[in-house]
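In: Fold the following, please.
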Amino acid sequence: MRDTIAMPLLYLAAGTLFIVGLRGITHPRTARRGLLAAVLGMAAAIVGTLIHQDVVTYRWILIAAVVGSLVGGAMAKYMPMTAMPERIALSHAFGALAAGLVGAAEYYEHFESLNAFLAAALMFEVVLGFVTFTGSLMAFGKLKGILPGRPTVFPGQQLLNAVLFTATVAVAVWLVAAPSTAALFPVLVTLAALFGILLVVPIGGADMPTVISLLNSYAGLSGAAMGLVLDNKALIIAGALDGASGFLLSLIMSRAMNRSFRNVLFGAFGQVDATAVQDGRSAEERPVRSASIDEAAMLLAAARDVIVVPGYGLAVAQAQHRIREVGEILERNGTRVRYAIHPVAGRMPGHMNVLLAEADVPYDRILDMDDINSDFAQADVALVVGANDVTNPAARTQPDSPIYGMPILDVAAARTVMVVKRGMNAGFAGVENELYHLEKTLMLFGDAKDVATSLARELEDAQQGQRV
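Out: Predicted structure coming up:
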């Protein structure tokens, strides 16, 4: 047989490269090599599958490969980094839908001869596939602004979710015990899809990074189950790695945000009650101190220790290169410049790290929250660029706040706080930021890229004037 030796070897190579790749992307210095190893591993897995003896024609496979490559290439080339969280959510949806559809095809082809093990694996694949598909679409809608970022809740929602979950499990168990009951299969798909919708819509924007990583885990587990159904070892390995890494990342994210899985998934955490909304409205009427570019540049030029806090506003404005220029000018003036990264800054884990790495900010200047939080008290200036919820003191001081208990970057401890922001709108969690109303805080209103460009120009001019 043509695949007797070659296919297992290719699958072994694929599994090894997946593991090497996953290890490589854990650090910025090795991320490129890790990604390349993962790409080579996927190529090996695809080739190994294509030489399988059951493949009788490549016509439709080649058509699908060309279409998929064109779509994927266009997304990689033209989709900005700001849209990366939405793209990942959409990728999870597509991958989960593929697993669900393959499971449906396998069921209708073999439902009369399925044994209990394969039936269980198939039901697990289908349920997780369609739950992840609709859940990822809801996450995409929230991230894109198509759906409200705030939790969507209604009376009896948790009870309805519990009933849906129980019904889904009951129908799945029935189909495992009696696979030939084909009339129940569409019911299972419908229940799983509806449960995926209602699982994500009550989750607020502040918890969306954890949801994305958890959906990644679901998609991986669905793929592993698909590998069991198809007897495809590469799928089993890749799905297990994806599922395990996504689950562990979700745990890490939950701990970083002081959340529990129960709160994130079933508590509609992030819900803003009427009192909180009213407080936010009154807060908007409180005065804030704004500063001109000239004033901000003078304060930065006189500072000896500056900590930059990037957020989603930086990503939207694509301001990472201009902020790096500001940092380089300050460093030439003898200022110590570092970048503080909150675990959930942006819309996905590692979002800010990727943007700063793209702008060639040195890795040793980029520090995680736990490593730099104690240094804010010694910083002359904390320059907040588009970050909102992750700097909000309400997370520590207001028990009724939706983000209460979430660890934050301690920017309020700096001698002076500068916030670059378009306006006074609340963050993704829908909460007014108390930081903006502190006496030490200066607001620099405007597009982050424009503000950073103007700051760099003023600082450069000031340095040239000193040299003259």
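
In: contacts, neighbours, all on C-alpha from now
Out: OK.

In: Averaged pLDDT, stretch 212-231. What do you get?
Out: Mean pLDDT, stretch 212-231: 89.

In: list the buried ones in it?
Out: Of the residues in stretch 212-231, 212-230 count as buried by neighbour count, 16 or more other C-alpha atoms under 10 Å.

In: Run a quick check on residue 164 versus residue 196, I expect a contact.
Out: No - in this structure, residue 164 is not within contact of residue 196 by C-alpha atoms under 8 Å, at 9.9 Å.

In: Of the two, give the one with the bigger neighbour count.
Out: residue 196 (26 against 18; other C-alpha atoms under 10 Å).

In: Of all the helix elements in the protein, which one is longest?
Out: helix 116-144 (DSSP state H).

In: Go through that helix and flag the buried ones.
Out: Result for helix 116-144 [16+ other C-alpha under 10 Å]: buried residues 118-143.

In: Point out the other helices and strands that the helix or strand following that helix packs with.
Out: Using DSSP states H and E, the helix or strand that directly follows helix 116-144 along the chain is helix 157-177. On a contact count with 3 or more C-alpha pairs under 8 Å, 6 or more residues apart in numbering; DSSP states H and E, helix 157-177 meets helix 116-144, helix 185-200.

In: Where does pLDDT dip in the stretch 201-350 of the chain?
Out: 204-207, 255-285, 347-348 (pLDDT under 70).

In: Going by residue numbers, what spans are helices in it?
Out: For the stretch 201-350 of the chain, the helices defined by DSSP state H, counting those that start in this stretch occupy 208-230, 233-256, 261-266, 274-284, 293-302, 312-317, 320-332.

In: which of those sits most buried?
Out: Comparing the helices of the stretch 201-350 of the chain by mean neighbour count (mean count of other C-alpha atoms under 10 Å), helix 208-230 comes out on top with a mean of 27.

In: ok, back up a step: need the helices and strands packed on helix 157-177 in a markdown table (columns: distance to residue 30 and mean pLDDT).
Out: Shown next, in a markdown table, are these (distance: least, C-alpha to C-alpha, whole Å; pLDDT from 0 to 100):
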| stretch | distance to residue 30 | mean pLDDT |
| --- | --- | --- |
| helix 116-144 | 29 | 92 |
| helix 185-200 | 34 | 94 |
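
In: Can I get these in CSV including distance to residue 391?
Out: Shown next, in CSV, are the helices and strands packed on helix 157-177 (distance: least, C-alpha to C-alpha, whole Å):
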stretch, distance to residue 391
helix 116-144, 20
helix 185-200, 25
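
In: Please parse this protein into its domains.
Out: According to automatic domain parsing, the chain comprises the domains 1-78, 83-266, 288-467.

In: Low-confidence bits of the stretch 351-468 of the chain, can you list those?
Out: 426-430, 464-468.

In: What segments of it are strands?
Out: Along the stretch 351-468 of the chain, the stretches classed as strands by DSSP state E, counting those that start in this stretch are 366-368, 381-385, 416-421, 441-445.

In: which helices and strands sit right next to the longest one?
Out: So that's strand 416-421. Checking 3+ C-alpha pairs under 8 Å, 6+ apart, strand 416-421 ends up next to strand 381-385, strand 441-445, helix 448-467.

In: quick one: which of those is nearest residue 332?
Out: Comparing these against residue 332 with C-alpha to C-alpha, the closest turns out to be helix 448-467 (9.2 Å).

In: Show me what counts as buried in the closest one.
Out: Using 16+ other C-alpha under 10 Å as the test for burial, helix 448-467 gives 448-449, 451-460, 463.

In: Convert it to CSV, retaining C-alpha atoms only.
Out: The C-alpha coordinates for helix 448-467 follow below in CSV (Å, rounded to 0.1, in the frame of the first residue of the first chain):
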residue,chain,number,x,y,z
ALA,A,448,-3.1,57.8,19.2
LYS,A,449,-0.9,57.8,16.1
ASP,A,450,-1.4,61.6,15.6
VAL,A,451,-0.7,62.3,19.2
ALA,A,452,2.4,60.1,19.2
THR,A,453,3.7,61.7,16.0
SER,A,454,3.3,65.2,17.4
LEU,A,455,5.0,64.2,20.7
ALA,A,456,7.9,62.7,18.7
ARG,A,457,8.3,65.9,16.7
GLU,A,458,8.2,68.1,19.8
LEU,A,459,10.7,66.0,21.6
GLU,A,460,13.0,65.9,18.6
ASP,A,461,12.8,69.6,18.2
ALA,A,462,13.5,70.2,21.9
GLN,A,463,16.6,67.9,21.7
GLN,A,464,17.9,69.7,18.6
GLY,A,465,17.4,73.1,20.3
GLN,A,466,19.5,71.9,23.3
ARG,A,467,22.3,70.8,21.0
